[in-house]
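Undergrad: model this:
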Amino acid sequence: MLLTILEQDQKNISRETGILLSFLTKGSILEIGTNHGYSTYWLSLNAKNVISYEIRKDRFEQAKKNLKELKRNNIILKNENFLKNNIKEKFDLIFIDGTKKEYIDYFKKAEKLIKKNGLIICDNVISHKEKMLDFLDYIKKFKNKLTLNINKGILIIKF
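TA: Predicted structure coming up:
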C-alpha cells in the first residue's frame with residue numbers, strides 16, 4: 001500500500017526507474033537526495049548497504065518513517081548536506097537525485113568515491129537539463145555512458 005502511495009508522488013522516480021535501479025544495484029550504495037525514501041527502497045533491495053543523504057529535515061523524517069514501514073534495515077539515512085560531509089568510503093553505485101543545479105558538484109565529489117567498474121546514475125537529465133548545463137557539459141568527456149529516456153531521463157556512467 002505505501003509503495004503505491006509513493007509511486008503517485010511526482011517528485012519520486014517512476015516504478016520503472018526503481019526496477020532498473022534494483023537490477024543495477026549490488027554492494028555498497030550511496031544516494032544523494034533521499035526525498036521520501038522511494039528510490040532508497042529500490043536501491044536497498046539488492047544492496048549490501050545504502051547510505052542516503054537528504055538535506056531537508058521534513059523529507060528525512062518522512063523517509064525514515066516510510067523505510068521503517070517497508071522493513072528496510074540495510075539503510076543509513078543522513079540528514080546532512082552531502083557536499084559538506086567528509087565521507088571517504090568507496091561505493092559500487094552512486095545515485096544522484098538531489099538539487100539539480102548542484103549536480104556538477106555532487107558528481108565531482110562522487111567521482112572520488114566510486115569503485116572501479118562502479119556506476120554513477122543521475123536522474124532527471126532530460127526533464128531538468130536546463131538546470132544542469134554545466135554538469136551535462138562536464139560529463140561529455142566520459143566514454144562509458146548511456147542516457148535512457150525513462151521517466152525524466154536517466155544517465156548511467158561506468159567507471
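
Undergrad: so where's the longest helix in this structure?
TA: Ranked by residue count and defined by DSSP state H, the top helix of the chain is helix 57-69.

Undergrad: neighbouring contacts of that one?
TA: 2, 6, 34-38, 40-41, 44, 52, 54, 75, 77, 79 (CB atoms under 8 Å, 6 or more residues apart in numbering). (Glycine included, C-beta is placed from N, CA and C.)

Undergrad: which among these count as buried?
TA: Listed as buried from the contacts of helix 57-69 are 6, 34-38, 40-41, 44, 52, 54, 75, 77, 79; burial here means 16 or more other CB atoms under 10 Å.

Undergrad: got those residues as TSV, with secondary structure, distance to Lys88 and pLDDT columns?
TA: Compiled in TSV, these are given as follows (DSSP: H, G, I helix; E, B strand; the rest coil; distance: CB to CB, whole Å; pLDDT from 0 to 100):
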residue	secondary structure	distance to Lys88	pLDDT
Leu6	helix	32	66
Thr34	coil	20	96
Asn35	coil	25	94
His36	coil	28	92
Gly37	coil	25	95
Tyr38	helix	28	94
Thr40	helix	21	97
Tyr41	helix	26	96
Ser44	helix	22	98
Ser52	strand	17	98
Glu54	coil	20	98
Ile75	strand	20	98
Leu77	strand	19	98
Asn79	coil	20	98
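
Undergrad: I'd like those residues laid out as CSV, including distance to Asn149.
TA: Below are the buried ones among the contacts of helix 57-69 laid out as CSV (distance: CB to CB, whole Å):
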residue, distance to Asn149
Leu6, 23
Thr34, 25
Asn35, 22
His36, 24
Gly37, 25
Tyr38, 20
Thr40, 24
Tyr41, 23
Ser44, 26
Ser52, 26
Glu54, 27
Ile75, 29
Leu77, 30
Asn79, 33
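
Undergrad: tell me the two of the residues you listed that are most distant?
TA: Using CB to CB, the buried ones among the contacts of helix 57-69 span at most 19.1 Å, a distance reached by Leu6 and Asn79.

Undergrad: give me the three-state assignment for the residue nearest to the spatial centre of the chain.
TA: Nearest to the mean C-alpha position of the chain, counting by CA atoms, centre = their mean, stands Phe95 at 2.7 Å. Of the three states, Phe95 takes strand under DSSP: H, G, I helix; E, B strand; the rest coil.

Undergrad: report the contact partners of it.
TA: Going by CB under 8 Å, 6+ apart, the list of residues near Phe95 reads Leu21, Ile29, Leu30, Glu31, Ile32, Ser39, Leu43, Ile121, Cys122, Asp123.
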